[in-house]
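*Asks:* what follows is a predicted structure for the sequence shown.
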Amino acid sequence: MGTPGASSPVALSYIVPAYNGADGLEATLKELGEHLDGERNEIVVVENGSTDNTLELARSIEKSWQFAQVELRVLSSEKGLGNALRMGIAASRGAHVVLTADDLPFGFDDLDQARKVGLDKHKVFIGSKAHPDSAIDRSLVRAVLSTGFLVLRLAVLGMRTRDPQGTFVLNGEWARGVVGKLTEPGFLLTTELAYLAEQDGIRPVEVPVRLRGQQTRGGSTINVVNDAYKMGIGLFKVRAKHRKRRAR
């Protein structure tokens, strides 16, 4: 297993939440290892409630890990994307922290574009499907739904970030400092993260990305009424929690 010394500085922490991702996890970790090898980086896989052999597979890969400059760590959280991301951020050691998915939907576009701008110039970058230069093939229904969610976020939270559900490249110190304030267990965690950034006076920088053709594993279904209801209720909960905190 490639394990840079615990006291060695880590440049990047890649947080990979994994839920029922056994089919493609090995390929994703190999791609990450190859891309990140050459300097001290780490990959933190956080399995969260899988019903397949994702956790066992991840631990097997961890034991046989061959990328000497990249440490692979496997953790397990309660079910939920937000739970996995919170645990990963808290466990990270990198100067910068990347929140991605277990199929690397945008490849390394998010990181590359953030580097073009300058990683140290901003605390929060988002690989944004809403950026005008992004290449995202979305159905009409999904596009309409995304626009509706944008309006809903603006109305409920007053958020200016157009796509808080993209991938994130974060200043590590800031991310680890804010993680204790995050409470969302599910998909709204990144929206909550962007909201807290805006409350701190940080404007997330949205960068263009290209959705990779192979990003189809697991598929997705759209239930407009149900998704809109869940989003609305979730946003009101986020607002209530953090308004109470600010009022203390």
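*Replies:* Happy to help now that I have it. Numbers count the residues shown, from 1 in each chain.
*Asks:* excluding its backbone neighbours, what's nearest the spatially most central residue of the chain?
*Replies:* Nearest to the mean C-alpha position of the chain, by CA atoms, centre = their mean, lies Leu99 at 2.9 Å. What sits nearest to Leu99 in space, not counting adjacent residues and going by CB to CB, 6 or more residues apart in numbering, is Phe168, at 4.1 Å. Quick note: C-beta positions are derived from backbone N, CA and C, even for glycine.
*Asks:* in the host helix or strand of Leu57, what's buried?
*Replies:* Following DSSP states H and E, one finds Leu57 within helix 54-63. Of all the residues in helix 54-63, those buried under the rule 16 or more other CB atoms under 10 Å are Thr54, Leu55, Leu57, Ala58, Ile61, Glu62.
*Asks:* can you name the residues in contact with that helix?
*Replies:* Counting by CB atoms under 8 Å, 6 or more residues apart in numbering, helix 54-63 makes contact with 1, 18-22, 25-26, 29, 45, 47, 72-74, 76, all of which sit outside it.
*Asks:* hang on, the residue nearest to Leu99 packs against Thr191?
*Replies:* No - look at Phe168 against Thr191 with CB atoms under 8 Å: they stay out of range, at 11.1 Å.
*Asks:* and the strands in the protein?
*Replies:* 10-18, 41-48, 70-77, 94-99, 124-128, 167-171, 205-208 (DSSP state E).
*Asks:* now the longest helix seen in the chain: buried residues?
*Replies:* For the chain, the longest helix by residue count, based on DSSP state H, is helix 224-247. Buried positions in helix 224-247, judged by neighbour count with 16+ other CB under 10 Å: Met231, Gly232, Gly234, Leu235, Val238, His242.
*Asks:* quick one: contacts for the nearest residue to the third one once chain neighbours are set aside?
*Replies:* Which is Gly234. Computed as CB to CB, 6+ apart, the closest residue to Gly234 that is not its neighbour in sequence is Leu188, at 4.5 Å. By CB under 8 Å, 6+ apart, Leu188 lies in contact with Gly82, Met231, Gly234, Leu235, Val238.
*Asks:* so the third one makes contact with Pro185?
*Replies:* Pointing back at Gly234 there. No - the criterion here is CB under 8 Å, and Gly234 misses it with Pro185 at 10.3 Å.
*Asks:* and the residue nearest to the centre of the chain, bridged to which residues?
*Replies:* Ile15, Phe168 (DSSP bridges).
*Asks:* gap between it and Val46?
*Replies:* As judged by CB to CB, to the nearest Å, Leu99 and Val46 stand 11 Å apart.
*Asks:* need the overlap of contacts for these two.
*Replies:* Joint contacts of Leu99 and Val46 (CB under 8 Å, 6+ apart) are Ile15, Leu85, Gly88.
*Asks:* which residues touch the first one?
*Replies:* Spelled out, that is Ile15. Shown in contact with Ile15 (CB under 8 Å, 6+ apart): Val44, Val46, Ala84, Leu85, Gly88, Ile89, Ser92, Val97, Val98, Leu99, Thr100.
*Asks:* for the first one, give its distance to Arg59.
*Replies:* This points to Val44. Distance of Val44 to Arg59, given as CB to CB: 13 Å.
*Asks:* sorry, back to before: which of the contacts of helix 54-63 has the most neighbours?
*Replies:* By neighbour count, taken as other CB atoms under 10 Å, the most surrounded of the contacts of helix 54-63 turns out to be Val45 (29 neighbours).
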